[in-house]
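>>> Generate coordinates for the sequence data below:
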Amino acid sequence: MNSVKTTEAIISKSKIKILVAEDSAVDRMILECMLKKDGYNVILAEDGVEAVEKFEQENPDLVFLDVLMPNLNGMEAAKKIRALSGDLFTPIVFLTSLADTESLVTCLESGGDDFLPKPYNAIIIEAKIKAFYRMREMNQTMVRQRDQIELNNKHLMQEQEVAKQVFDKITHAGTLDLPIIKYYMSALAVFNGDVLLADLSPTGSLLMLLGDFTGHGLPAAIGSMPLASIFHGMARKGFSIGDIIREINGKLYHTLPVGLFCCATAVDLSFHKKRALIWSGGLPEGGIYRAASQRFDMLKSGNLPLGVLSNREFNHTPTRYEMHEGDELFLWSDGIIEARKPEGEMFGEERLNALLNAQSPVADVFGNILKQVQEHIGDSDGDDDVSMVSLAMPDDSIAQKILLNAPKSRGSLADWAMTLRLNTSSLKTFDPLPLLLNVISEVPHLRQSSSVLYTVLSELFNNAVEHGVLNLSSQLKSSPEGFVEYYRLRKEGLAELVEGWVTIDFEHQLEACADGGVLTIRFTDSGSGFVKENDIERTADGNLHPNYYGRGLQLIESICEKLTINVPGNKVEAIFRWSTDD
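Take a look at the predicted model:
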């Protein structure tokens, strides 16, 4: 074991290069012999000039310098060697017989790290070499780690710059430069954790979203990209703010890791209806400045942030606020309230509310808030992104000019009709509901009704197949055993079906000013019908009495504006009406 350790020590020492600069041949030879005997790799120099040259050539791990040498003394040589070393630590030990304090201090100030007094002591030399070599290795490790950190940071900054360029192109494709919008955004990182988007809708509204992602830089960029893409794409197709928020929430919920979400407030400002539909989740309450009373009505954030809940649990319904000409909506991120002085004091809601209620002209409110926040922060870098936006309700002349740039409703379905016929083989294996819902979802404002429309389509399709094509009776389902028997017969009936079909007709029309629309749904089947001529009982409007059909059709009647069942029941028509304010 000892022989192994000794061999390893020799191999280790042979890798250590030591430069010895000594003008005295005798002292140089003595030191050389002592070092080589211990196994070190020794490089010799006879004066300071040669010492500097050998240092450049050999890059030694440690330098022994005589203080008094011709051509270039040890102290001058030490300065040059230290300059050549740069960030890499190279220990310099002076060989000296000097004893006065002033001379020793001068040596240290010139770049020396220690002294080796003459005559030389082998034990002291060995101890100094080991100590300084450990220091050099630690320094090299620190330099490598620093360089790696700098490289990683450079790559990170480059990635953030690319992400920012892509995001800016998406964002700037919107309408943030409209005269009715004022905004301010500052970032802690290259890529802002706060997001501000605005775009015009073909329905005659201005849509806006202010969001605040958890984190900064690339973590924020992960969610910001799909958020911006969905917002602008759906806004220009005329989808409602509720539809857009729901789509964004679903995307973020399935995309973002746990703990990353987006606090947001989304706005649909209708110029001709003089109202704002506002959805808010997680951001501080904003406010609407009322021109008539010169007071602020504060908004409430009653929802969880985007990306926290699945769409099944998520509430995407906005709140309606009347807005008149001269009214102005103010929104801000929590960076305003949480802005801190260097000593840690937050700006706080109390200061913000005092500024909002200061009875100053509305034109001064935006600038006053920013000025006070910036003065509060002072030279501090801040803890969070600071963002604020205001949106004013314009007069009719300005609104008309703005809407000249609104996109036309080309990218989505408007007035249309469609027929789908499912023959025997399709009825056995194909579920048409996903296809039908996908078509309906291309109609702006109908996507938010997809859940209720799924109920309507499902009931009508099952009614056509089970009671029409297969001629099954609902009376079978009056008991648990009957339910089992009913669906056994349904499965067997479809498997043995030889001839049968179901036709589905859709007809959709927009109403005046694109305020809403009507979707007419008709299901026709090849069956003999479930209504007997002798049992017909109609209501005053000509529809069949609810007592003569099951709970499924009664549910449809409660959802739709009108439900018509034509005798003998193999043709059913449902009319569903929607509005942009639903």
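>>> Next up, the contacts around W501.
W501 sits next to 421-424, 427, 469, 525-526 when contact means CB atoms under 8 Å, 6 or more residues apart in numbering. Where C-beta positions appear, they are placed from N, C-alpha and C, glycine not excepted.
>>> where along the stretch 51-200 of the chain do the helices fall?
For the stretch 51-200 of the chain, the helices defined by DSSP state H, counting those that start in this stretch occupy 74-85, 101-109, 122-171.
>>> Which of these sits closest to E32?
With CB to CB as the criterion, E32 lies closest to helix 122-171 of these, at 11.8 Å.
>>> per-residue confidence at the most centrally placed residue in the chain?
Nearest to the mean C-alpha position of the chain, counting by CA atoms, centre = their mean, stands G223 at 2.1 Å. We have a pLDDT of 78 for G223.
>>> rewinding a little: select from the contacts of W501 every entry located in helices.
Judged by DSSP state H, the contacts of W501 include 424, 427 as members of helices.
>>> Looking at neighbours, which among the contacts of W501 is most surrounded?
Using other CB atoms under 10 Å as the neighbour criterion, D525 leads the contacts of W501 with 27 neighbours.
>>> Could you check how many residues crowd around the nearest residue to that one once chain neighbours are set aside?
Nearest non-adjacent residue to D525, counting by CB to CB, 6 or more residues apart in numbering: G468, 3.3 Å away. Neighbours of G468 under the rule other CB under 10 Å: 26.
>>> Also P226?
Counted by other CB under 10 Å, the residues lying close to P226 total 15.
>>> in which helix or strand would I find it?
Taking DSSP states H and E as the definition, P226 sits inside helix 218-236.
>>> Could you figure out how far that helix is turned away from helix 122-171?
Put simply, helix 218-236 runs at 10 degrees to helix 122-171, going by axes from the mean of the first three to the mean of the last three CA atoms, to 10 degrees.
>>> For I30, give me its contacts.
Y120.
>>> Return the helix or strand it falls within as PDB; C-alpha atoms alone will do.
Counting by DSSP H and E, the element that carries I30 is helix 25-37. Provided in PDB are the C-alpha atoms of helix 25-37 (Å, rounded to 0.1, in the frame of the first residue of the first chain):
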ATOM      1  CA  ALA A  25      24.600  29.700  -9.700                       C
ATOM      2  CA  VAL A  26      25.200  28.100  -6.300                       C
ATOM      3  CA  ASP A  27      21.800  29.000  -4.900                       C
ATOM      4  CA  ARG A  28      20.200  28.100  -8.100                       C
ATOM      5  CA  MET A  29      21.800  24.600  -8.100                       C
ATOM      6  CA  ILE A  30      21.000  24.000  -4.400                       C
ATOM      7  CA  LEU A  31      17.300  24.800  -4.900                       C
ATOM      8  CA  GLU A  32      17.200  22.800  -8.200                       C
ATOM      9  CA  CYS A  33      18.600  19.700  -6.500                       C
ATOM     10  CA  MET A  34      16.200  20.000  -3.500                       C
ATOM     11  CA  LEU A  35      13.200  20.200  -5.800                       C
ATOM     12  CA  LYS A  36      14.200  17.500  -8.300                       C
ATOM     13  CA  LYS A  37      14.900  15.200  -5.400                       C
END
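>>> Double-check that R312 belongs to a helix.
No - under DSSP: H, G, I helix; E, B strand; the rest coil, R312 falls outside any helix and is assigned coil.
>>> and V439, that one's in a strand?
No - applying three-state DSSP, one finds V439 to be helix, outside a strand.
>>> So it sits against I504, correct?
No - the criterion here is CB atoms under 8 Å, and V439 misses it with I504 at 10.4 Å.
>>> Of these two, which one has the most company?
Legend: neighbour count by other CB under 10 Å for V439 and I504, higher for I504 (21 against 16).
>>> isn't the more buried one right next to A417, touching?
No - I504 is beyond contact range of A417, at 11.5 Å (criterion: CB under 8 Å).
>>> domain assignment for the chain?
Taking automatic domain parsing as the reference, the chain has its domains at 2-141, 172-336+388-403, 416-579.
>>> Check those domains for me and report the most buried one.
domain 172-336+388-403 (a mean of 20; mean count of other CB atoms under 10 Å).
>>> isn't the residue nearest to the centre of the chain right next to Y253, touching?
No - G223 lies out of contact with Y253 (CB under 8 Å); the separation is 10.5 Å.
>>> Pull up the overlap in contacts between the two.
Residues touching both G223 and Y253 by CB under 8 Å, 6+ apart: G307.
>>> I'd like to know how far the residue nearest to D525 sits from R421.
14 Å (CB to CB, to the nearest Å).
>>> residues shared between the contacts of these two?
V502.
>>> Who is L519 paired with across the strands?
H508, F576 (DSSP bridges).
>>> still on that earlier bit, mean pLDDT and distance to L510 for the helices of the stretch 51-200 of the chain - can I get that in JSON lines?
Shown next, in JSON lines, are those (pLDDT from 0 to 100; distance: least, CB to CB, whole Å):
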{"stretch": "helix 74-85", "mean pLDDT": "89", "distance to L510": "78"}
{"stretch": "helix 101-109", "mean pLDDT": "73", "distance to L510": "86"}
{"stretch": "helix 122-171", "mean pLDDT": "81", "distance to L510": "29"}
